[in-house]
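# generate coordinates for the sequence data below:
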Amino acid sequence: MKRTLIALMLANVALVGCGSDDNNNNVVEPPVDPEPPVVETVAIADAETMAVADLAFNAESGVVTFALATDDGKAITGLQDEANLTAFNLAYVGLPEPKKRNHMTEGDGPGAIKVTLPAHQQQQFPCTADDCQVEITESEATPGSYTVTPVNFKWDSVPVTVKAALTFATEKVTIAPEWTDITQ
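Residues are numbered from 1 along each chain as shown. Take a look at the predicted model:
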């Protein structure tokens, strides 16, 4: 029994003496952020085609955001330089709450015609080399993404429905206006 007890004590001392073999000098490298993908770009003056994507109008502030690219996906840069544009216009039309209206009726007296139209508000913001009524900003992080802020945008009374359109042109390409309905 003495031998068994001595053997167990020696085994226990051997186990206690053996520490961890783990090497605590391992340095964990932080993950490396991948480089952002390279976006192929083309200057607006050189673009043969243009397409507007992600067009968003804000009817309260008048701010418009969108992305501009060629048909083959190259981001178009340089819209903010008015010298690149031959035409630019941002337009808003604000309409009051819809009502049933009789726009054309017989007026007072024989043969008189009375024409009434719903009240509306209109705001236009052109931009030429001589007079630009918007601030155009291109995103530094995302080439070809723009924010257009009209100068002095203000409704006389808050409209219920707003229609908005953006159009611009270079010497080579024209973006035709498409009216977008914005319900408040």
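# check contacts around the residue positioned nearest the centre of the chain.
Within the chain, the residue whose C-alpha comes closest to the C-alpha centroid is T65; the distance, by Cα atoms, centre = their mean, is 3.8 Å. Contact criterion Cβ atoms under 8 Å, 6 or more residues apart in numbering gives 54-56, 145-148 as the residues in contact with T65. C-beta: built from backbone N, CA, C; applies to glycine.
# with P177 instead?
Shown here is P177, whose contacts under the criterion Cβ under 8 Å, 6+ apart are 89, 91, 165-167.
# residues near A87, how many?
Using other Cβ atoms under 10 Å as the criterion, A87 is surrounded by 13 other residues.
# and after the lowest-mean-pLDDT helix or strand in the chain, which helix or strand comes next?
Within the chain, confidence by mean pLDDT, DSSP states H and E is lowest for helix 2-17 among all helices and strands, at a mean of 54. Read in the C-terminal direction, the helix or strand following helix 2-17 is strand 41-43, with elements assigned using DSSP states H and E.
# that next one packs against which elements?
Other helices and strands packing on strand 41-43, by 3 or more Cβ pairs under 8 Å, 6 or more residues apart in numbering; DSSP states H and E, are strand 75-77.
# which residues does A164 bridge with?
With DSSP bridges applied, A164 shows beta-bridge pairing to Y92, T180.
# next, count neighbours for it.
23.
# quick check, it in contact with N58.
No. In terms of Cβ atoms under 8 Å, A164 does not count as a neighbour of N58; the distance is 9.2 Å.
# now do the shared contacts for those two.
Contact criterion Cβ under 8 Å, 6+ apart; residues shared by A164 and N58: V64.
# quick check: closest non-adjacent residue to V148.
Residue nearest to V148 in three dimensions, not counting chain neighbours: V64, with 4.4 Å by Cβ to Cβ, 6 or more residues apart in numbering.
# how near is that neighbour to V151?
Applying Cβ to Cβ, to the nearest Å, one obtains 13 Å for the distance of V64 from V151.
# who's more crowded, these two?
Each of V64 and V151 has its neighbours counted (other Cβ under 10 Å); V64 has more, 23 against 11.
# ok, the more buried one - contacts?
With contacts taken as Cβ under 8 Å, 6+ apart, V64 has the following neighbours: 55-58, 90, 147-148, 164, 166.
# one step back: let me know the closest of the contacts of P177 to S139.
The nearest member of those to S139, counting by Cβ to Cβ, is L166 at 16.9 Å.
# tell me which element the closest one falls in.
Using DSSP H and E, L166 maps to strand 161-169.
# low-confidence stretches in the protein?
Counting by pLDDT under 70, the chain contains low-confidence ranges at 1-26, 35-38, 98-118, 183-184.
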